[in-house]
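>>> Have a look at this fold, sequence not included:
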């Protein structure tokens, strides 16, 4: 895992991955920023949500218009936040990253994959140690972009990790 500080949306080459809900709403956080910067990413996401109602645990890869070396990954890891339960579903997150690992991304350990620190944890309600251990299981060389200056990025080697969370298997 590589820790980076700065703006995730300034990445020029590779894959920017963020968590989305299955309802076609990009109304806050990094999803809203992506929607504003790359409207085509939102349009394709919204179109898919309108026709496929079984998206939880899947991922959508979209090439950014005007940059053939940059892609955005919409990772369907949560339902819409209702306030009654944690929207982030760890099983869905694991399924989506497993699919990316097996079928979609180059086998480079994730060195071209960029995720925001606290992905799926702010509005998604997930716990960062659990979430990051899912990601690093499949992509140990992932780039974690920390947009909060002065905060340490979690190190999964110093935790029990997600393998002990409920009955999730990989």
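Received, thanks. No experiment lies behind these values; they were computed from the predicted model shown. Residues are numbered from 1 along each chain as shown.
>>> so how far is residue 84 from the spatially most central residue of the chain?
Geometric centre of the chain, nearest residue: residue 18, 3.2 Å, by Cα atoms, centre = their mean. Residue 18 sits 23 Å away from residue 84, going by Cβ to Cβ, to the nearest Å. Where you see a C-beta, it was placed from the backbone N, CA and C, and this is true even at glycine.
>>> do the same with residue 40
Residue 40 is 33 Å from residue 84, by Cβ to Cβ.
>>> Looking at these two, which one has more neighbours?
When residue 40 and residue 84 are compared for neighbours, residue 40 comes out ahead with 13 against 6, by other Cβ atoms under 10 Å.
>>> what's the neighbour count on the residue nearest to the more buried one when sequence neighbours are not counted?
Using Cβ to Cβ, 6 or more residues apart in numbering and skipping residues adjacent in sequence, the residue nearest residue 40 is residue 65, 5.1 Å away. A count of neighbours around residue 65, defined by other Cβ under 10 Å, yields 11.
>>> shouldn't residue 65 be in contact with residue 38?
Yes. Residue 65 sits in contact with residue 38 when judged by Cβ atoms under 8 Å, with a separation of 7.2 Å.
>>> re earlier: what helix or strand is the residue nearest to the centre of the chain located in?
strand 14-21 (DSSP states H and E).
>>> for residue 54, same thing?
Using DSSP H and E, no helix or strand contains residue 54.
>>> swap in residue 45?
Here residue 45 is assigned to helix 39-51, by DSSP H and E.
>>> for the very next helix or strand once past that helix, which positions count as buried?
Counting by DSSP H and E, the next helix or strand C-terminal to helix 39-51 is strand 59-63. Neighbour counts over strand 59-63 (16 or more other Cβ atoms under 10 Å) mark 59, 60, 62 as buried.
>>> Stretch 96-112 now?
For stretch 96-112, by 16+ other Cβ under 10 Å, it's 96, 97, 98, 99, 100, 101, 105, 109, 110, 112.
>>> Give the phi and psi angles for the third one, as a check.
Note on residue 98: backbone dihedrals following degrees, to the nearest 10 are phi -60, psi -40.
>>> Leaving aside the residues adjacent along the chain, what's closest to the residue nearest to the centre of the chain?
residue 30 is the one closest to residue 18 (Cβ to Cβ, 6+ apart), at 4.9 Å.
>>> That neighbour: how many residues sit nearby?
Using other Cβ under 10 Å, residue 30 is surrounded by 22 other residues.
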